[in-house]
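>>> Pasting a predicted model and its sequence here:
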2 protein chains.
Amino acid sequence: MTDQGPDVVPEGRVARSRQAVLEAASALLLSGGLPAVTVDAVVARSGVAKSTIYRHWASRDELLCSTVTSLLPPVPDPPADLGFEDSLRYLMRAHVAQLGSPTACRLLPALIEAKLHDDKVADLEQQMEQARLGLLDSVLQAGIDAGHLPADIDREEAILQLFGPVLMAVLAHPRPLDDAFADRLVELFLASRSAAAGVGR
Amino acid sequence: MTDQGPDVVPEGRVARSRQAVLEAASALLLSGGLPAVTVDAVVARSGVAKSTIYRHWASRDELLCSTVTSLLPPVPDPPADLGFEDSLRYLMRAHVAQLGSPTACRLLPALIEAKLHDDKVADLEQQMEQARLGLLDSVLQAGIDAGHLPADIDREEAILQLFGPVLMAVLAHPRPLDDAFADRLVELFLASRSAAAGVGR
DNA sequence: TTGGGACGATACGGTACGGTATCGTTCTGC
DNA sequence: GCAGAACGATACCGTACCGTATCGTCCCAA
């Protein structure tokens, strides 16, 4: 150990071992999925004794929840001074960057699978999803209020239209995810919606 | 031989027990995910003895592969006499109907998660995905050839644009998936692409 | 009717895992 | 420097699981 790290070791032993355990569990989770995060494997990888782990977490499930939570990156708010289209581009770029990251790319499938059969994970995932989708939803609402989108638009469907391709690209069809991809999706979205509004749908 | 069966019991004991095992394994897989398909659970649910199961499959993994394969519905080809837009609608409706089914809704997450860490599942899923995507791809190519789509279109991205929202709706955002949903996605796609072609992109 | 293949029941071995308990050691706050 | 908390190492229990082995039974066709 001797984690003489210069900055990221805030408190004493408790925080250090907790950090070591979380790092090991995260690595196991990302490389082997949920079933790979066994207590013995965390012990072997982290160097922290099993008794210590069970002094910090009551069960393996709680350790898993802590691990997942520690892996969720914060969602950046778009700057307030941006217009509608620029806010949309900003949000989509941030979204693409996060979901395209190796972490999210491996974490998402495990979460989606687990939330079907585990209520704790379901709550956790629900909370995280709401944070992301709520941001986009408010931007869309602002676009409607400002007249950039038809008032009768289905915001939920618009969210599917925007985020769906990103999700599919991450899950099923590995391809480079960059800002240009996000921008193209925004363009296609705006084109489809303006055309639909003009023609009369 | 001896087709005395009324309808769905083709052959003798071998086929019957095989069928019973596959049905039990499917039910377990759909209700509890991959980890729920244990050999003992299949034994308890199907009434088939463990020794019989291992006479039909060499290992639990092979049983799992058989189960997944038996759950994959065949992909219907669109009628050849349809035009481009109608073929697209037909395909999207079929796709939405399949992915919206309770079976696919529960099978997909398990497959997506497993294919990250299991090569056999990855091959299986790849094969299934190619069957679906290939159909759409050929329809898109036909649309390009017939002049309904710009020639410089990125077909892979178009597939993401069309199927992505469906996948997200199934995985992350449960909502009713009907023909109208599929039709709206086609409309939005066509609107975005024609507008992009007209404006010059 | 009869023989052989398929089946059911059960027991067993080996392994992996979650969680508990014990005890000696080391760090940390006072 | 000292008491007590935190830690490491290890052994242990119960369970669940995969896969094998054995043996008696039943079905099915010749």
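Yes, it's here. Numbers count the residues shown, from 1 in each chain, chains lettered A, B, ... in the order given.
>>> Low-confidence ranges, chain A, go.
Counting by pLDDT under 70, chain A contains low-confidence ranges at A:1-11, A:195-201.
>>> got the residues of it near DNA strand C?
With Cβ under 7 Å from any atom of the strand as the criterion, chain A comes near DNA strand C at residues A:11-13, A:37-41, A:50-51, A:54, A:59-61. For the C-beta atoms, the positions are set from N, CA and C on the backbone; glycine is no exception.
>>> in chain A, which spans are helices?
A:13-32, A:39-46, A:50-56, A:60-71, A:84-100, A:102-114, A:119-145, A:155-171, A:179-199 (DSSP state H).
>>> Run the chain-centre distance for the last one.
Read it as helix A:179-199. 24 Å (Cα atoms, centre = their mean, to the nearest Å).
>>> which one is A:Lys50 nearest to, not counting chain neighbours?
A:Val43 (5.1 Å; Cβ to Cβ, 6 or more residues apart in numbering or on different chains).
>>> What distance do you get for the one you found to DNA strand D?
Remark: distance between A:Val43 and DNA strand D (Cβ to the nearest atom of the strand, to the nearest Å) = 7 Å.
>>> Please convert the helices of chain A to CSV, extending it with mean neighbour count.
Formatted as CSV, the helices of chain A follow (neighbours: other Cβ atoms under 10 Å in any protein chain shown):
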stretch, mean neighbour count
helix A:13-32, 18
helix A:39-46, 16
helix A:50-56, 14
helix A:60-71, 17
helix A:84-100, 20
helix A:102-114, 20
helix A:119-145, 16
helix A:155-171, 22
helix A:179-199, 19
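>>> between these, which one is nearest to B:Leu116?
helix A:102-114 (6.0 Å; Cβ to Cβ).
>>> how far off helix A:119-145 does that closest one point, in degrees?
With axes from the mean of the first three to the mean of the last three Cα atoms, to 10 degrees defining the directions, helix A:102-114 sits at 110 degrees from helix A:119-145.
>>> Can you tell me what sits against helix A:102-114?
Residues outside helix A:102-114 that contact it (Cβ atoms under 8 Å, 6 or more residues apart in numbering or on different chains): A:29-31, A:33-34, A:68, A:71, A:73, A:98-99, A:121, A:124-125, A:167, A:170-171, B:33, B:109-110, B:112-113, B:116, B:171-172.
>>> and it, how far from the chain's centre?
9 Å.
>>> Stretch A:57-75 now?
13 Å.
>>> Can you name the residues of chain A that neighbour DNA strand D?
Counting by Cβ under 7 Å from any atom of the strand, the residues of chain A near DNA strand D are A:1, A:13-14, A:16-18, A:43, A:47-52, A:55-56.
>>> list the contacts for A:Val42?
A:Val42 makes contacts with A:Val21, A:Ala24, A:Ala25, A:Leu28, A:Val48, A:Ile53, A:Leu63, as judged by Cβ under 8 Å, 6+ apart.
>>> That one and A:Leu22: what is the separation?
As judged by Cβ to Cβ, to the nearest Å, A:Val42 and A:Leu22 stand 9 Å apart.
>>> got it, and A:Leu91?
A:Leu91 is 29 Å from A:Leu22, by Cβ to Cβ.
>>> cool, and A:Ala182?
31 Å.
>>> again, but for A:Met168
30 Å.
>>> which residues does the closest residue to A:Pro76 other than its chain neighbours contact?
Distance criterion Cβ to Cβ, 6+ apart; nearest residue to A:Pro76, sequence neighbours excluded, is A:Ala94 at 5.3 Å. Going by Cβ under 8 Å, 6+ apart, A:Ala94 touches A:Val75, A:Pro76, A:Pro78.
>>> and what of A:Asp40?
A:Lys50.
>>> next one: the one 10 residues further on
Contacts of A:Lys50 were listed using Cβ under 8 Å, 6+ apart, and they are A:Val39, A:Asp40, A:Val43.
>>> so which of these comes closest to B:Asp178?
A:Val39 (45.6 Å).
>>> which non-adjacent residue is nearest that closest one?
For A:Val39, the spatially nearest residue (Cβ to Cβ, 6+ apart) is A:Arg60, at 5.6 Å.
>>> pull the CA atoms of stretch A:122-133 into CSV?
Coordinates of the C-alpha atoms in stretch A:122-133 are reproduced here as CSV (Å, rounded to 0.1, in the frame of the first residue of the first chain):
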residue,chain,number,x,y,z
ALA,A,122,-33.6,-0.1,-10.4
ASP,A,123,-34.0,2.8,-8.0
LEU,A,124,-30.4,3.8,-8.4
GLU,A,125,-30.6,3.7,-12.2
GLN,A,126,-33.9,5.5,-12.2
GLN,A,127,-32.4,8.3,-10.2
MET,A,128,-29.4,8.6,-12.6
GLU,A,129,-31.6,8.5,-15.7
GLN,A,130,-33.9,11.2,-14.4
ALA,A,131,-31.0,13.5,-13.9
ARG,A,132,-29.9,13.1,-17.5
LEU,A,133,-33.3,13.1,-19.1
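>>> I'd like the distance between the residue lying closest to A:Leu160 once chain neighbours are set aside and B:Arg175.
Leaving aside its chain neighbours, A:Leu160 sits nearest to B:Pro165 (3.9 Å; criterion: Cβ to Cβ, 6+ apart). Distance, B:Pro165 to B:Arg175, using Cβ to Cβ: 11 Å.
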